[in-house]
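> Quick one, structure for this:
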Amino acid sequence: MIPVTPTTSSQFSPAPAAAPATDTIASARALTKVYGSGSTEVHALRGIDVDLGRGELTAIMGPSGSGKSTLMHCLAGLDRPTSGTVVVDGQEVSAMSERRLT
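Now for the predicted structure:
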């Protein structure tokens with residue numbers, strides 16, 4: 001058996017704070033993505049607003065089917081949003097032609 005010595009939180013120092021993001025590298029405004037139509041319509045994204053800071057580490061978390069992959073695909077230009085805008089490094093990705101995206 002290995003002996004365990006209790007510790008208190010005062011024995012540990014907090015991790016240094018991350019440097020704040022200096023600017024936004026990617027953003028989405030009023031992002032909506034709808035698949036199908038009529039009675040088969042599925043709203044994968046509904047009015048999403050998000051800013052991702054340059055140099056920040058961001059995790060997109062949620063249950064299965066909540067739109068995580070759809071959001072990432074729209075931000076990357078792999079899928080076009082039904083409405084809204086996506087801007088990456090000052091370029092409006094949601095308005096780019098297929099040729100410009102490749």
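
> Please give me every residue in contact with the most centrally placed residue in the chain.
Nearest to the mean C-alpha position of the chain, by Cα atoms, centre = their mean, lies I60 at 5.4 Å. If you count contacts by Cβ atoms under 8 Å, 6 or more residues apart in numbering, I60 has them with 68, 71-72. C-betas here are computed from N, CA, C, even on glycine.

> List buried residues within the residues you listed.
Among those, the ones that count as buried by 16 or more other Cβ atoms under 10 Å are 68, 71.

> quick one, strands of this structure?
Using DSSP state E, the strands of the chain run over 24-35, 42-53, 83-88, 91-92.

> can you list the weak-confidence ranges in the chain?
By pLDDT under 70, the low-scoring segments of the chain are 1-22.

> Output the longest helix belonging to it.
As assigned by DSSP state H, the longest helix anywhere in the chain is helix 68-76.

> With only the CA atoms kept, save it in PDB.
C-alpha atoms of helix 68-76 as PDB (Å, rounded to 0.1, in the frame of the first residue of the first chain):
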ATOM      1  CA  LYS A  68     -20.600  21.100 -33.600                       C
ATOM      2  CA  SER A  69     -19.400  19.600 -36.900                       C
ATOM      3  CA  THR A  70     -21.800  21.800 -39.000                       C
ATOM      4  CA  LEU A  71     -20.400  24.900 -37.200                       C
ATOM      5  CA  MET A  72     -16.800  23.800 -37.900                       C
ATOM      6  CA  HIS A  73     -17.600  23.000 -41.600                       C
ATOM      7  CA  CYS A  74     -19.200  26.500 -42.100                       C
ATOM      8  CA  LEU A  75     -16.300  28.200 -40.400                       C
ATOM      9  CA  ALA A  76     -13.800  26.400 -42.600                       C
END
